[in-house]
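# A predicted structure for the sequence below; I have some questions about it.
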Amino acid sequence: MQTKPSVLVARAVFPEILHKLEQHFTVDSNQDDILFSAEELARRLQGKVGVFTTGSERISASLLAQCPELRICANMAVGYNNFDLPAMTSAGVVATNTPDVLTETTADFGFALLMATARRMAESEHFLRAGLWTRWSYDMFAGAEVHGSILGIIGMGRIGQGIARRGALGFGMKVLYCNRKPLDAATEAACQARHVSKTELLQTADHVMLVLPYSAEAHHTIGAAELALMKPTATLVNIARGGIVDDAALAAALRNRTIAAAGLDVFEGEPAVHPDLLTVPNVVLTPHIASATMPTRMAMAGLAADNLIGFLVHGKALTPLNAPAP
Ligand code: GLV
């Protein structure tokens, strides 16, 4: 009898997904969800041809050098800044992510965070819970208008386009965007969005939404200089990645009211959060949950598993990020 290939599932996942993988592979799983150090990950990968990762496992050149049998890393995330993609390609290791299945759910969350931020929902809820609500007043927690305002989206991939459609079609917003490459005319028309420079977007938008992938060039896309360009009434929402915003500069801008408010689902060095962000009231903070609905997380885990099965059993990954020489 042919022995099954061995794979590692590096974090806890849905039992159904483990079961599915066990039909094809000998599975070493981590249902206790202990975060592996780089050394532990390398140790657990010995003898494994595939690994199911999440954004918390770093696949580096040094790890790859220690795991010569590894052939595929399937990330349960659309973002893959935990992968050293060039190193994976030169080591002959296939990388996959989970696009499409989370687009609409993540766009919903981006919009929810925008609404919560503009309408001061977290701040007002804390006020109520603290027993401070004793009477109505004309300007109590008066926030910024969402409908009919100007939405600026930085990063206009699938999720950015989903947010643009929600803003334009659902809330009558005027949508501006900037992206490395402008969209084709048909997609621009479907999103009712206009391509502008980053400076024009920052100066004009009432709400700035960050949805661009993390890369070295995208590091601190928003820092003190960019925050200074924004309107003092503006809000900033980051559902992209930590490191896209200079969190220390943002905390200072929120404290000084350079901008009105921010909504953040991702943080530099998360799960640590810059201590200054925890002390400013005009920020809504969530723990990287933009794709977190049960159906979407199940679809993401299913797609990551199908990438392992597709490649290791049938010779073809479903959503590859690279094409290493065979
Ligand atoms: C979540 O952040 C993802 O990249 O899927």
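Structure received.
# only C-alpha atoms for contact and neighbour calcs from this point on.
Will do.
# Is stretch 49-61 positioned near the ligand?
No: on the criterion Cα under 6 Å from any ligand atom, stretch 49-61 is out of touch with the ligand, staying 7.1 Å away.
# Kindly apply the preceding question to stretch 234-252 instead.
No: Stretch 234-252 is not in contact with the ligand by Cα under 6 Å from any ligand atom; minimum separation 6.9 Å.
# Any idea how far apart the tips of that stretch sit?
With Cα to Cα, to the nearest Å as the measure, stretch 234-252 spans 15 Å from end to end.
# Could you look up the SS state of the closest residue to residue 241 other than its chain neighbours?
Nearest non-adjacent residue to residue 241, counting by Cα to Cα, 6 or more residues apart in numbering: residue 266, 5.4 Å away. Here residue 266 is recorded as coil under DSSP: H, G, I helix; E, B strand; the rest coil.
# What is the longest helix of this structure by residue count?
Ranked by number of residues, the top helix in the chain under DSSP state H is helix 294-314.
# For the spatially most central residue of the chain, which non-adjacent residue is spatially closest?
Closest to where the C-alpha atoms of the chain average out (Cα atoms, centre = their mean) is residue 240, at 4.4 Å. Using Cα to Cα, 6+ apart and skipping residues adjacent in sequence, the residue nearest residue 240 is residue 211, 4.5 Å away.
# who touches that neighbour in this structure?
153, 154, 155, 156, 157, 159, 160, 238, 239, 240 (Cα atoms under 8 Å, 6 or more residues apart in numbering).
# Pick out the most distant pair among the residues you listed.
Across the contacts of residue 211, the longest distance by Cα to Cα is 14.6 Å; it joins 157 and 238.
# Name the residue in those two with the higher neighbour count.
Counting neighbours by other Cα atoms under 10 Å for residue 157 and for residue 238 shows that residue 238 has the greater number, 24 against 15.
# what are the ranges of the strands in the stretch 151-300 of the chain?
With strands called from DSSP state E, counting those that start in this stretch, the stretch 151-300 of the chain shows them at 174-178, 193-195, 207-210, 235-238, 261-264, 283-285.
# who does the second one touch, helix- and strand-wise?
Spelled out, it's strand 193-195. In this structure, strand 193-195 packs against strand 174-178, with contacts taken as 3 or more Cα pairs under 8 Å, 6 or more residues apart in numbering; DSSP states H and E.
# Report the backbone C-alpha coordinates of stretch 41-51 in PDB.
This file holds the C-alpha atoms of stretch 41-51, laid out as PDB (Å, rounded to 0.1, in the frame of the first residue of the first chain):
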ATOM      1  CA  LEU A  41       7.900  25.200  12.900                       C
ATOM      2  CA  ALA A  42      11.100  23.900  11.200                       C
ATOM      3  CA  ARG A  43      11.100  20.900  13.500                       C
ATOM      4  CA  ARG A  44       7.500  20.100  12.900                       C
ATOM      5  CA  LEU A  45       8.000  20.400   9.200                       C
ATOM      6  CA  GLN A  46      10.600  17.700   9.000                       C
ATOM      7  CA  GLY A  47       9.300  14.900   6.600                       C
ATOM      8  CA  LYS A  48       6.300  17.100   5.500                       C
ATOM      9  CA  VAL A  49       5.600  17.900   1.900                       C
ATOM     10  CA  GLY A  50       2.900  20.400   2.600                       C
ATOM     11  CA  VAL A  51       1.800  22.900   5.300                       C
END
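# in it, what's buried?
By neighbour count with 16 or more other Cα atoms under 10 Å, stretch 41-51 contains the buried residues 41, 42, 44, 45, 46, 48, 49, 50, 51.
# a markdown table for those, including pLDDT and secondary structure?
Shown next, in a markdown table, are those (pLDDT from 0 to 100; DSSP: H, G, I helix; E, B strand; the rest coil):
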| residue | pLDDT | secondary structure |
| --- | --- | --- |
| 41 | 98 | helix |
| 42 | 98 | helix |
| 44 | 98 | helix |
| 45 | 98 | coil |
| 46 | 98 | coil |
| 48 | 98 | coil |
| 49 | 98 | coil |
| 50 | 98 | strand |
| 51 | 98 | strand |
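# The residues you listed: which two are farthest apart?
Longest span within the buried residues of stretch 41-51, Cα to Cα: 41 and 49, 13.4 Å.
# tell me, what's touching these two both at once?
Contact with both residue 41 and residue 49 is made by no residue, according to Cα under 8 Å, 6+ apart.
# for the stretch 151-300 of the chain, what are the low-confidence residue spans?
Along the stretch 151-300 of the chain, segments meeting pLDDT under 70 are nowhere present.
# Over to the stretch 1-150 of the chain?
Across the stretch 1-150 of the chain, the ranges flagged by pLDDT under 70 are 1.
# Show me the helices in it, by range?
Along the stretch 1-150 of the chain, counting by DSSP state H, counting those that start in this stretch, helices occupy 15-22, 38-44, 61-66, 85-90, 103-118, 121-129.
# Give me whichever of those helices is most buried.
helix 103-118 (a mean of 22; mean count of other Cα atoms under 10 Å).
# do that helix and the ligand meet?
No: applying Cα under 6 Å from any ligand atom, one finds helix 103-118 separated from the ligand by no less than 8.5 Å.
# That helix packs against which elements?
helix 158-165, strand 207-210, strand 235-238, strand 261-264, strand 283-285.
# All set, thanks.
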